[in-house]
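**Student:** Just the structure for this:
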Amino acid sequence: MNYALPRGELDTLFAGPQSVTSEQRRELAELIVERLRQVHGERLLAVAMYGSTARDGDGPYSDIELWAVLDDDALGADYDETLEWVHGRGKAELNLMSRTAIEAYAREVDEGWALSHGQFVHARALWIAPDHGALVETLRSLAAHPNDEAVDEALAEIVVGELYELVGKLRNRYARKPLSLLACEFAQHLACLIGLAERHVFASSGTMFDEAADLPGPDGAAQLFGLVGQGDLRDEVVLSMAVERVWTGLEEWAHAASLHQALELRCAASER
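**Tutor:** The predicted structure follows:
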């Protein structure tokens, strides 16, 4: 869908992101909202901003990230499209979804929930149609209060589908990936595991490790987050011991998190 917004030239694209002020970024957001209203009229229900710009933490090279909600009759109840384009010196991203689709997504729980649903929990409303004043808060509430059974299933998936596999690769000295990369990947999944267990949505991927370190987690989690977050990845022995310490402490943590039943189902499923 063409929103007739100014685009960067090819030489601007390969120059990479250029410095943009917060005011210029917000002016572009207002332009996008205006264009959405022109195109969709009464079928447009809400537009919100998320990411660093919504938190007033954007830097000179930050993107603009928005989502917008359409009435189901506009383009269909299952409409879901992501638009990304270079706009002058920077980039804009717009997730355009029907009300049914965006409510379903807000309810969705998967392994990346602690990162992906920040777009709802930390959203800043830019425009809301009359008679739909509670829509942004409704989506925020749906995202912030996930279904307990779905949470348990996603937690078990992280442990069995990601962490268990990464520990095996770490122990296998013939693994193709360097241990530092495996440790980083392990830490990312571990942070999402802890965030989901605590129903905590991270403000951003940049603050994920600091936030996760402050949440209740397996023994050694804070140490691993510190090593990865600070880029202290040179000593493979230290990294390996840090990951193994977390893995050893994961059983006690899973018991405290009442996760054994969900894990037992995954183990039983793997035996069949």
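
**Student:** switch to C-alpha atoms for all contacts and neighbour counts from now on
**Tutor:** OK.

**Student:** What ranges does this protein have for its strands?
**Tutor:** 44-50, 64-70, 80-87, 90-98, 124-128 (DSSP state E).

**Student:** Just the residues contacting the second one, thanks.
**Tutor:** Put plainly, it is strand 64-70. By Cα atoms under 8 Å, 6 or more residues apart in numbering, the residues outside strand 64-70 that reach it are 25, 29, 40, 43-51, 53, 91-99, 102.

**Student:** rerun at 6 Å
**Tutor:** 43-50, 92-99 (Cα atoms under 6 Å, 6 or more residues apart in numbering).

**Student:** Same question for the longest one.
**Tutor:** By Cα under 6 Å, 6+ apart, the residues outside strand 90-98 that reach it are 17, 63-72, 77, 79-85.

**Student:** what stretches of the chain score poorly on pLDDT?
**Tutor:** Low-confidence segments of the chain (pLDDT under 70): 1-11, 173-176, 268-272.

**Student:** Would you mind pulling the contact partners of the top helix by length along it?
**Tutor:** Scanning the chain for the longest helix, with DSSP state H as the assignment, gives helix 236-256. Around helix 236-256, the neighbours that count as contacts under Cα under 6 Å, 6+ apart are 218-221, 224.

**Student:** circling back to that earlier point, weed out the non-buried ones from the contacts of strand 90-98.
**Tutor:** Buried subset of the contacts of strand 90-98 (neighbour count, 16 or more other Cα atoms under 10 Å): 17, 63-72, 77, 79-80.

**Student:** Out of the contacts of helix 236-256, which sit inside helices?
**Tutor:** 221, 224.

**Student:** which one of the contacts of helix 236-256 sits closest to Ala154?
**Tutor:** Within these, the smallest distance to Ala154 is 17.2 Å, found for Pro218 (Cα to Cα).

**Student:** From Leu166, how far off is the closest one?
**Tutor:** Look at Pro218 and Leu166: by Cα to Cα, to the nearest Å, they are 16 Å apart.

**Student:** any idea where the helices of the stretch 101-250 of the chain begin and end?
**Tutor:** Secondary structure of the stretch 101-250 of the chain by DSSP state H, counting those that start in this stretch: the helices cover 113-116, 118-121, 135-144, 148-157, 164-171, 179-197, 208-213, 221-229, 236-256.

**Student:** Tell me the buried residues in the fifth one?
**Tutor:** Taking 16+ other Cα under 10 Å as the basis for neighbour counts, the residues of helix 164-171 that come out buried are 166-167, 169-170.

**Student:** okay if I get the strands of the chain as CSV plus distance to Met208?
**Tutor:** Shown next, in CSV, are those (distance: least, Cα to Cα, whole Å):
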stretch, distance to Met208
strand 44-50, 16
strand 64-70, 18
strand 80-87, 24
strand 90-98, 21
strand 124-128, 20
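
**Student:** Ala154 is nearest to which of those?
**Tutor:** Using Cα to Cα, the strands of the chain put strand 80-87 closest to Ala154, at 23.1 Å.

**Student:** quick one, the closest one and strand 64-70 angle?
**Tutor:** Computed by axes from the mean of the first three to the mean of the last three Cα atoms, to 10 degrees, the angle separating strand 80-87 from strand 64-70 equals 140 degrees.

**Student:** Distance-wise, check the closest residue to Ala54 other than its chain neighbours relative to Glu137.
**Tutor:** Counting by Cα to Cα, 6 or more residues apart in numbering, Ala54 lies nearest to Arg124, which is 5.7 Å off, once chain neighbours are set aside. Distance, Arg124 to Glu137, by Cα to Cα: 10 Å.
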